[in-house]
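Enquirer: could you work out the structure for the sequence below:
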Amino acid sequence: MTAHYWGGPAQFNAGFAWHKTRRRLAPIRPAVLHDGVTPANATLRRLFATRILRMFAYGILGVVLVLYLAERGLDAAEIGLLLTLTFLGDAVISLWLSTRADRWGRRRSLVAGALLMAAGGLAMAATGDFGLLVLAATIGVISPTGGEVGPFLAVEQACVAQVINDRDRTRIFAWYNVAGYSATALGALSGGILAETLQAAGWSRLGSYQALFAGYGVLGLLMGALSSRLGTAVEPPPAKAVKAAGPLAALTGLHESRGLVLRLSALFSVDAFAGGFIVQSFIVYWFHQKFGVTEAALGGVFFGTNLLSGLSALAAVPLARRIGLVNTMVWTHLPSNVLLLFVPLMPTFGTAVALLLLRHAISQLDVPTRQSYVNAVVPAGERAAANGVTGTARQLGAALAPVLAGPLMASAALAAAPFFISGGLKIVYDLALWRAFRAVKPPEEQARP
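Expert: Now for the predicted structure:
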């Protein structure tokens, strides 16, 4: 696609990003069903719609989850443990569904995940018992970070890659991330505003948070309805279905790409472990404790961070075409992690937010490029499995960090430590990724010198 497909910063809200995204999908496939709608575009629009609903719901929880758990009476150590168990539950569900999606059906896997998400949100709203909260969070696809969890991303990426060509893959993944980040931004903003609005209307803080969890469950049901209407084009070609050979292949659904995917997974888990120290819920809690800011103000902050993340996703497309996917992943991620190290050193709320926003302006260029890269270097019949294994590795890595970060956040003397640990480990990951994969090129880059 040519440069006239680019938009400006004003696009970055969920509704406008969705509108612009729809306009950019039209040239991908020539076959027309009716009224100018192609099979690929009808499928992509539903996939984008489910992405928007899900990320809006995750954005809401990213602002209120830790505040809700604290309101329920959980201490910092219990909150860290619950978040770790939530990550682990999300990882198990993601691995189970995504590695079987290419064989059982991608649409069926997406519907199953949406129903679990709905059940988790409604159950979290209904109970204050620690054991039941843990159960609901671990099997209910709850997002502790405000970002992706569960099988959705892995399966949806495989569906998207199935209906587009190599030339368009990174561009469509970038718009897929714009739609997601814009929806997360609106979710974060809406979560903070709705909580304060309900409280101003006479609701208790706890009651306002419960209402938002119930809304999260309803959005899960809507996602399931949309996913059930995806066409057969999202399923892998039967002739290319994975043939399991041995217990590892049977577990993961991987065959030809097994070695490459496992190496990527090991590196991605390090990055996610580092990110688990600074999940959005913890940063919200850190800002709230250090500067005493309100839910609405914090919602505004993360509205901004997610909009900037969406902008960086778009900027990744021309950069990747110029220097390659792996180079874009690494050399944009490094400076963002240096900025992360300085956030807790800022003396005021304004300067800390400014540095955080600057970091998010470049920190997510690696996301669409990473997604495009994984889907480019594995066979079509192993895409959902590869996405599932690498995604699960990230979730497992992230799952280990909150239980360590929780007690650090609870200590005034050590509250900044998670930022330093995260930034340092992420820098190590960037350098290791570049060394291991700079020579493994996707199809569109193989003709380059």
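
Enquirer: tell me which stretches of the stretch 51-200 of the chain form helices.
Expert: 76-104, 106-126, 130-139, 152-162, 166-200 (DSSP state H, counting those that start in this stretch).

Enquirer: got the angle for the last one vs helix 152-162?
Expert: Spelled out, it's helix 166-200. On the basis of axes from the mean of the first three to the mean of the last three Cα atoms, to 10 degrees, helix 166-200 is oriented at 150 degrees to helix 152-162.

Enquirer: which elements pack onto the following helix or strand past helix 166-200?
Expert: Next along the chain after helix 166-200, taking DSSP states H and E as the criterion, comes helix 205-227. Counting contacts by 3 or more Cβ pairs under 8 Å, 6 or more residues apart in numbering; DSSP states H and E, helix 205-227 packs against helix 39-71, helix 106-126, helix 166-200. C-beta here means a position set from N, CA and C on the backbone, and glycine is covered the same way.

Enquirer: make CSV out of these and add mean pLDDT.
Expert: Shown next, in CSV, are the helices and strands packed on helix 205-227 (pLDDT from 0 to 100):
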stretch, mean pLDDT
helix 39-71, 87
helix 106-126, 91
helix 166-200, 87
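
Enquirer: mean neighbour count and distance to Asn327 for the ones you listed - can I get that in a markdown table?
Expert: Output for those, formatted as a markdown table (neighbours: other Cβ atoms under 10 Å; distance: least, Cβ to Cβ, whole Å):
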| stretch | mean neighbour count | distance to Asn327 |
| --- | --- | --- |
| helix 39-71 | 24 | 27 |
| helix 106-126 | 23 | 31 |
| helix 166-200 | 23 | 13 |
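
Enquirer: a markdown table for the ones you listed, including distance to Leu260?
Expert: Rendered in a markdown table, the data for the helices and strands packed on helix 205-227 read as follows (distance: least, Cβ to Cβ, whole Å):
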| stretch | distance to Leu260 |
| --- | --- |
| helix 39-71 | 25 |
| helix 106-126 | 22 |
| helix 166-200 | 17 |
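
Enquirer: would you state the helices of the stretch 251-400 of the chain in chain order?
Expert: Counting by DSSP H, counting those that start in this stretch, the helices of the stretch 251-400 of the chain are 258-275, 280-291, 295-323, 325-342, 349-363, 366-376, 383-400.

Enquirer: Met117 is nearest to which of those?
Expert: The closest of the helices of the stretch 251-400 of the chain to Met117 is helix 383-400. By Cβ to Cβ, the value is 14.7 Å.

Enquirer: same question for that closest one, mean pLDDT?
Expert: The predicted model assigns helix 383-400 a mean pLDDT of 84.

Enquirer: before we move on, what about stretch 134-153?
Expert: 79.

Enquirer: how far off centre is that stretch?
Expert: Using Cα atoms, centre = their mean, to the nearest Å, the distance from the centre of stretch 134-153 to the centre of the chain it belongs to is 11 Å.

Enquirer: Throw the helices of the stretch 51-200 of the chain into CSV and include distance to Tyr373, thanks.
Expert: As requested, these are exported to CSV (distance: least, Cβ to Cβ, whole Å):
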stretch, distance to Tyr373
helix 76-104, 17
helix 106-126, 20
helix 130-139, 30
helix 152-162, 11
helix 166-200, 9
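
Enquirer: sorry, back to before: nearest to Ala386, out of the helices and strands packed on helix 205-227?
Expert: helix 106-126 (13.3 Å).

Enquirer: the inter-axis angle of that closest one versus helix 76-104?
Expert: Using the same axes, to 10 degrees: helix 106-126 against helix 76-104 is 160 degrees.

Enquirer: please save the CA atoms from helix 106-126 in CSV.
Expert: C-alpha atoms of helix 106-126 as CSV (Å, rounded to 0.1, in the frame of the first residue of the first chain):
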residue,chain,number,x,y,z
ARG,A,106,-10.1,-21.6,15.3
ARG,A,107,-13.7,-20.2,15.6
ARG,A,108,-14.6,-22.8,18.2
SER,A,109,-11.5,-21.9,20.3
LEU,A,110,-12.3,-18.1,20.2
VAL,A,111,-15.9,-18.8,21.3
ALA,A,112,-14.7,-21.0,24.2
GLY,A,113,-12.3,-18.3,25.4
ALA,A,114,-15.0,-15.6,25.2
LEU,A,115,-17.3,-17.6,27.4
LEU,A,116,-14.6,-18.2,30.0
MET,A,117,-13.9,-14.4,29.9
ALA,A,118,-17.6,-13.7,30.6
ALA,A,119,-17.7,-16.2,33.4
GLY,A,120,-14.6,-14.8,35.0
GLY,A,121,-15.8,-11.2,35.0
LEU,A,122,-19.2,-12.1,36.5
ALA,A,123,-17.7,-14.3,39.1
MET,A,124,-15.2,-11.7,40.2
ALA,A,125,-18.0,-9.2,40.6
ALA,A,126,-20.0,-11.6,42.8
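
Enquirer: counting by contacts, list what that helix packs against.
Expert: Going by 3+ Cβ pairs under 8 Å, 6+ apart, helix 106-126 lies up against helix 39-71, helix 76-104, helix 130-139, helix 152-162, helix 205-227.

Enquirer: buried sites along the shortest one?
Expert: Within helix 130-139, the residues scored as buried using 16 or more other Cβ atoms under 10 Å are 133-139.

Enquirer: now do the contacts for the closest residue to Ile427 other than its chain neighbours.
Expert: Leaving out its chain neighbours, the residue that sits closest to Ile427 by Cβ to Cβ, 6 or more residues apart in numbering is Asn337, at 5.1 Å. The contact partners of Asn337, taken as Cβ atoms under 8 Å, 6 or more residues apart in numbering, are 363, 422-423, 426-427, 430.

Enquirer: hmm, 6 Å instead?
Expert: 423, 426-427 (Cβ atoms under 6 Å, 6 or more residues apart in numbering).

Enquirer: just among those residues, which is most surrounded?
Expert: In terms of neighbours by other Cβ atoms under 10 Å, the contacts of Asn337 top out with Lys426 at 25 neighbours.

Enquirer: that one contacts Gly275, correct?
Expert: No - at 7.3 Å, Lys426 does not count as touching Gly275 under the criterion of Cβ atoms under 6 Å.

Enquirer: list residues touching both of these two?
Expert: Joint contacts of Lys426 and Gly275 (Cβ under 6 Å, 6+ apart) do not exist.

Enquirer: spit out the contact partners of Leu308.
Expert: 357, 360-361.

Enquirer: revised request: answer the last question for Ala161.
Expert: Per Cβ under 6 Å, 6+ apart, neighbours of Ala161: 375, 383.

Enquirer: 7 Å instead?
Expert: Contacts for Ala161 (Cβ atoms under 7 Å, 6 or more residues apart in numbering) come out as 169, 375, 383.

Enquirer: can you tell me how far it sits from Ala42?
Expert: 17 Å (Cβ to Cβ, to the nearest Å).

Enquirer: check Gly89 too.
Expert: 33 Å.

Enquirer: I'd like to know which of the contacts of Leu308 are buried.
Expert: 360-361.

Enquirer: nearest to Phe152, of the contacts of Leu308?
Expert: His360 (22.2 Å).
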